[in-house]
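**Q** Have a look; sequence and predicted model below, questions after that.
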Amino acid sequence: MMGHTHALSGAAAWLLLAPALTALPALGGPAADLAPMVAGVLSPGELIAGTLVCAGAAMLPDLDHPHATIAQTFGPVTWVLSKVVNWVSGGHRHATHSLAFAVAAGFGAYFLADRYPVGRDIVVILMIGLAVRAIGIGIPGKTVVSALVNIAITAGAFILLQSRGVDYLWLGLAVAIGCLAHVVGDCLTERGCPVLWPLQHRWLLPWKIGIKTGRAFEVKILGPVLSVVVIGLFAARLIPVAT
């Protein structure tokens, strides 16, 4: 699937699942410690931060593709990172497009959030940057300028979230959910994904019926539908907090 479709699916997944997930004991700590809650509803800062992080994490598996637009998010930095991920994972749609990667990425993000604030901030900044790039912010053909624009927007968003006192102990959940949303999305395409990597069998959902990436169905139907879903879910989550 295309980048913006993955990002929208990640945002929708977070908005749909986060309130229920943060009500449960999470990775060694009570849910009450994860985020400010009002009658079981995420605060506006948590809602926005989680949506951005999960949307960016839904792009994370495609860092195994150095020629993808997402690899140009922060210019040479993400391009080099993409080359490394591509080499380590065995190429595009291999290790990073699996359940194992989603779980590892989630636990890694949780560990950083719990132990190393600098590492946590790097992950959050990267996820926000990936989300911003996925929605198409940039100048076609101007890689460096686009990267600078992305850096400026990402920095502004991160500073704003920090000013809201957002606590990122839920970071691992958001990253894992985003990665899983990506895998599920690519399982809907004709190529499928090796969900149980290192087993090489590719899963396709629904069986033997694949969506062609970038074709009319994704661009004219799936993308717009996901946009409406994200807007609707965001409004549904935000209004109760505001009132």
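**A** Sure thing, it's come through.

**Q** so where do the helices sit in the chain?
**A** Ranges of helices within the chain are 3-21, 44-57, 76-89, 99-115, 117-134, 143-163, 171-187, 216, 223-242, based on DSSP state H.

**Q** For these, give me JSON lines that also has distance to residue 196.
**A** In this view, the C-beta of every residue, glycine as well, is placed from N, C-alpha and C. Shown next, in JSON lines, are these (distance: least, C-beta to C-beta, whole Å):
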{"stretch": "helix 3-21", "distance to residue 196": "20"}
{"stretch": "helix 44-57", "distance to residue 196": "20"}
{"stretch": "helix 76-89", "distance to residue 196": "15"}
{"stretch": "helix 99-115", "distance to residue 196": "6"}
{"stretch": "helix 117-134", "distance to residue 196": "25"}
{"stretch": "helix 143-163", "distance to residue 196": "34"}
{"stretch": "helix 171-187", "distance to residue 196": "11"}
{"stretch": "helix 216", "distance to residue 196": "31"}
{"stretch": "helix 223-242", "distance to residue 196": "26"}
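
**Q** Now do the contacts for the one residue sitting closest to the centre of the chain.
**A** In the chain, the centroid-proximal residue (C-alpha atoms, centre = their mean) is residue 57; its distance is 2.2 Å. For residue 57, the contact set (C-beta atoms under 8 Å, 6 or more residues apart in numbering) comprises 10, 105, 127, 130, 174, 175, 176, 177, 178, 179, 182.

**Q** In PyMOL, how would I select just the buried ones from these?
**A** If you want just the buried ones from those in PyMOL, going by 16 or more other C-beta atoms under 10 Å, the selection is:
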select buried, resi 10+105+127+130+174+175+176+177+178+179+182
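
**Q** if we can go back for a sec, so which of the helices of the chain is nearest residue 205?
**A** helix 171-187 (4.5 Å; C-beta to C-beta).

**Q** So for the residue nearest to the centre of the chain, what's the nearest residue that isn't a sequence neighbour?
**A** With sequence-adjacent residues excluded and distances taken as C-beta to C-beta, 6 or more residues apart in numbering, residue 57 is closest to residue 178, at 2.6 Å.

**Q** Cool, thanks, talk later.
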